[in-house]
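Q: Need the 3D shape of this:
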Amino acid sequence: MKNVTDSFVSLGYWPSAGSFGFNTDILATNPINLSVVIGVLIFFGKGVLSDLLDNRKQRILNTIRNSEELRGGAIEQLEKARARLRKVEMEADQFRVNGYSEIEREKLNLINSTYKTLGQLENYKNETIQFEQQKAINQVRQRVFQQALQGALGTLNSCLTNELHLRTISANIGMLGVMKEITD
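A: The predicted structure is shown next:
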């Protein structure tokens, strides 16, 4: 350190008519050269450096401003998207609930319709059975009546005379006419 201070002090003692040469003392020459270069740079480069730094500062500020605007726009879009998402979720829930209730309603309608159809089929079956039973009973009655009539006619034919036979037939025809009117 003493050498550095000595070199600055010895600047005032340079002979004016001395010889020209290189100073090989690194500690003495570097600080002087650096101070000269820094001084020249500061003097001439001060404006350029200041302009460069001001331009850089403006670009950084503009970038920050743009980023803030973009951030605000992004936040606004995010809020809109969230609102739309909430709305869509509510609609989806409503569709889901309506869908489930519609499915349940259709299921109940189908069950009720099936029971109604089964009831109608049961009624048709009972009516068909009753109709067939009535038809069979009528057929049996007709056969019994025909057989009884044939038997009675056979007995009457063998026992009756023609005149008695004609009166009996007339009486029976009259009874048959009355029975037919009753059944109709």
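Q: What is the subsequent helix or strand relative to the worst-scoring helix or strand of the chain on mean pLDDT?
A: Between all helices and strands in the chain, the lowest mean by mean pLDDT, DSSP states H and E belongs to helix 2-9, at a mean of 49. Along the chain past helix 2-9, the next helix or strand (assigned with DSSP states H and E) turns out to be helix 26-159.
Q: Give me the packing partners of that following helix, helices and strands only.
A: Contacts of helix 26-159 with other secondary structure elements, assessed using 3 or more CB pairs under 8 Å, 6 or more residues apart in numbering; DSSP states H and E, are made with helix 2-9, helix 162-183. Bear in mind the C-beta positions are built from the backbone N, C-alpha and C, glycine included.
Q: would CSV of these with distance to Arg59 be doable?
A: Formatted as CSV, the entries for these read as follows, by distance: least, CB to CB, whole Å:
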stretch, distance to Arg59
helix 2-9, 41
helix 162-183, 117
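Q: Would you single out the least confident of these?
A: Comparing the helices and strands packed on helix 26-159 by mean pLDDT, the weakest confidence falls on helix 2-9, with a mean of 49.
Q: one step back: please produce TSV containing the helices and strands packed on helix 26-159, extended by mean neighbour count and distance to Ile103.
A: Conversion of the helices and strands packed on helix 26-159 to TSV gives the following (neighbours: other CB atoms under 10 Å; distance: least, CB to CB, whole Å):
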stretch	mean neighbour count	distance to Ile103
helix 2-9	11	95
helix 162-183	10	56
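Q: out of these, nearest to Val37?
A: Shortest distance between Val37 and the helices and strands packed on helix 26-159, using CB to CB, is found for helix 2-9: 16.6 Å.
Q: how about low-confidence regions in the protein?
A: When residues are selected by pLDDT under 70, those of the chain lie in 1-29, 156-157, 160.
Q: before we move on, back to that, let me know which of the helices and strands packed on helix 26-159 is the nearest to Leu108.
A: Between those, helix 162-183 lies closest to Leu108; by CB to CB that is 48.2 Å.
Q: gap between that closest one and the chain center?
A: Taking the mean C-alpha point of helix 162-183 and that of its whole chain, the gap between them comes to 84 Å (CA atoms, centre = their mean, to the nearest Å).
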